[in-house]
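Trainee: build me a structure from this.
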Amino acid sequence: MKESYSLNEIKLAVINENVGKLQQISNKEPCFSSIDEAKEILSYINLAKEIIKKEKLRLFKNMQEIKKLKKFNQKDIKSGIDFKI
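Mentor: Presented below is the predicted three-dimensional model:
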């Protein structure tokens, strides 16, 4: 049987924007005792998706910046200037 998570567990992860905890939760199944609780979990899952999208975009931008800096550094090495990063 697969592990499960509670409404409170996903609520805390979303409120704190805890990407690591959201990743752990994604490998589990939700545990709920009513339709209303299931609907609330679903709304938090949708919020969690938005947090993950935002984090993915942030990481993409960071990677692009690193690529620019690496390219700049390599260009300077070829021209005789060596900036250490």
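Trainee: now do Lys39 against Lys68, distance only.
Mentor: Lys39 sits 44 Å away from Lys68, going by C-beta to C-beta, to the nearest Å. Just so you know, the C-beta spots here come from the backbone N, C-alpha and C atoms, and that holds for glycine as well.
Trainee: same check on Gln23?
Mentor: Taking C-beta to C-beta, one finds Gln23 at 28 Å from Lys68.
Trainee: again, but for Ile41
Mentor: Applying C-beta to C-beta to Ile41 and Lys68 gives a distance of 41 Å.
Trainee: looking at these two, which is more packed in?
Mentor: Ile41 (19 against 10; other C-beta atoms under 10 Å).
Trainee: confirm that one sits in a helix?
Mentor: Yes - counting by DSSP: H, G, I helix; E, B strand; the rest coil, Ile41 falls inside a helix.
Trainee: buried ones in stretch 30-45?
Mentor: Residues Pro30, Phe32, Ile41, Tyr44 are the ones in stretch 30-45 that count as buried (16 or more other C-beta atoms under 10 Å).
Trainee: tell me the secondary structure at the second one.
Mentor: Which is Phe32. Counting by three-state DSSP, the backbone at Phe32 sits in coil.
Trainee: residues touching it, list them.
Mentor: Contact analysis of Phe32 by C-beta atoms under 8 Å, 6 or more residues apart in numbering lists Leu7, Ala38, Ile41.
Trainee: tell me the contacts of the second one?
Mentor: Under the criterion of C-beta under 8 Å, 6+ apart, the contact list for Ala38 reads Pro30, Phe32.
Trainee: can you check the first one too?
Mentor: Shown in contact with Leu7 (C-beta under 8 Å, 6+ apart): Pro30, Phe32, Glu37, Glu40, Ile41, Tyr44.
Trainee: report the spatially closest residue to the third one, excluding sequence-adjacent ones.
Mentor: Spatially, and ignoring its direct neighbours in sequence, Glu37 is nearest to Leu7 (5.6 Å; C-beta to C-beta, 6 or more residues apart in numbering).
Trainee: again with the fifth one
Mentor: Nearest residue to Ile41 in three dimensions, chain neighbours excluded: Pro30, at 4.7 Å (C-beta to C-beta, 6+ apart).
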